[in-house]
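Colleague: Next comes the sequence, and after it the predicted model I'd like to discuss.
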Amino acid sequence: MKVRLYEIFTSIEGEGLLYGTKTLFVRLAGCPFKCFYCDTKDAIPMNSGQQYELDEAKKMIERSLEKNTYKVNFTGGDPLAQSEAVSELARFVQLKKIPSYLESSCYDSTRFAQVLPYLDFIKIEFKTPDSEFVDSKHYSKLLENELDCLRLSVESKKVTYIKVVVSSKTELGPFKKLLKRIFQSTSKSSLAGFIIQPTYGIAEPSLEQLLSFYDEVHAYYEEVRIVPQIHKFIGAP
């Protein structure tokens with residue numbers, strides 16, 4: 001088995017529940033989709049990056065691990081596009097006694113289930129209709145897969161949190177419908193957090209919008225946080 005990697009590097013986690021932690025990022029090449037606010041466009045093509053034998057990739061990860069690394073983040077692209085390889089790499093990381101983390105759009109619950117046993121921290125990212133991740137005809141299928149991934153993660157008793165990226169294009173009506181589906185599917189006690197992430201550098205939402213989104217989530221779940229991409233403010237990759 002081979003894996004196509006775009007880059008491996010150590011930096012500060014700038015997003016989500018575990019922001020501020022020293023992290024080894026393993027960026028997988030390739031994503032079948034494209035959000036309008038994507039900030040890793042170079043890693044989207046399925047033929048981007050470089051292909052490696054799995055054993056070689058494991059050695060690269062081992063060589064790249066630095067002292068006090070909090071976790072290994074499998075990101076992309078989208079790691080689920082190479083789910084079999086990610087499963088093997090995440091299992092390797094777990095054997096090193098380092099927590100593993102998945103940064104994915106959760107677009108395929110079957111692929112997600114394949115990777116899940118070898119992950120410690122799970123971020124379930126729900127896309128809003130305005131993200132342009134998929135067109136309107138395919139959005140309901142995407143949402144079903146995301147909800148299935150949430151259910152699988154919770155049932156596996158993983159540390160699970162939700163993230164939603166919002167922009168100035170995000171409308172409150174569809175956002176409220178999304179929240180209703182999410183909290184019909186899971187109990188708030190099963191979540192480790194709910195992160196609202198504003199876009200950066202493109203279609204940035206206003207403070208008024210962010211407060212409205214916050215209030216809508218708070219009605220279901222009090223531990224909601226608005227967390228921007230902190231790494232961009234400190235010049236980290």
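Modeller: Sure thing, it's come through.

Colleague: need the contact list for the residue nearest to the spatial centre of the chain.
Modeller: With distances taken as Cα atoms, centre = their mean, the residue of the chain nearest its centroid is Glu103 (3.0 Å). The contact partners of Glu103, taken as Cβ atoms under 8 Å, 6 or more residues apart in numbering, are 15, 73-76, 79, 123. Where you see a C-beta, it was placed from the backbone N, CA and C, and this is true even at glycine.

Colleague: same thing with Leu17?
Modeller: Taking Cβ under 8 Å, 6+ apart as the test, what Leu17 contacts is 121, 123, 161, 192-193, 195.

Colleague: try Lys176
Modeller: Glu216.

Colleague: Repeat the analysis, applying 10 Å as the threshold.
Modeller: By Cβ atoms under 10 Å, 6 or more residues apart in numbering, the residues touching Lys176 are 212-213, 216-217, 219.

Colleague: Next, work out how far apart Ser104 and Glu155 are.
Modeller: Distance, Ser104 to Glu155, by Cβ to Cβ, to the nearest Å: 18 Å.

Colleague: now do Cys38
Modeller: 30 Å.

Colleague: The two - which one has more neighbours?
Modeller: More crowded of Cys38 and Glu155, by other Cβ atoms under 10 Å: Cys38, with 17 against 12.

Colleague: The more buried one touches Cys31, doesn't it?
Modeller: Yes: Cys38 is within contact range of Cys31, at 8.1 Å (criterion: Cβ atoms under 10 Å).

Colleague: Between those two, which contacts overlap?
Modeller: By Cβ under 10 Å, 6+ apart, the residues touching both Cys38 and Cys31 are 44, 77, 133.

Colleague: of all these, which comes closest to Pro117?
Modeller: Gly77 (21.5 Å; Cβ to Cβ).

Colleague: Dihedrals phi and psi, the closest one?
Modeller: Per-residue torsions, Gly77: phi 40, psi -150 (degrees, to the nearest 10).

Colleague: returning to what we had before: which among the contacts of Lys176 count as buried?
Modeller: Buried subset of the contacts of Lys176 (neighbour count, 16 or more other Cβ atoms under 10 Å): 212-213, 216-217.

Colleague: and of the residues you listed, the nearest to His231?
Modeller: Phe213 (21.8 Å).

Colleague: burial measure for Asn68, as a count.
Modeller: 6.
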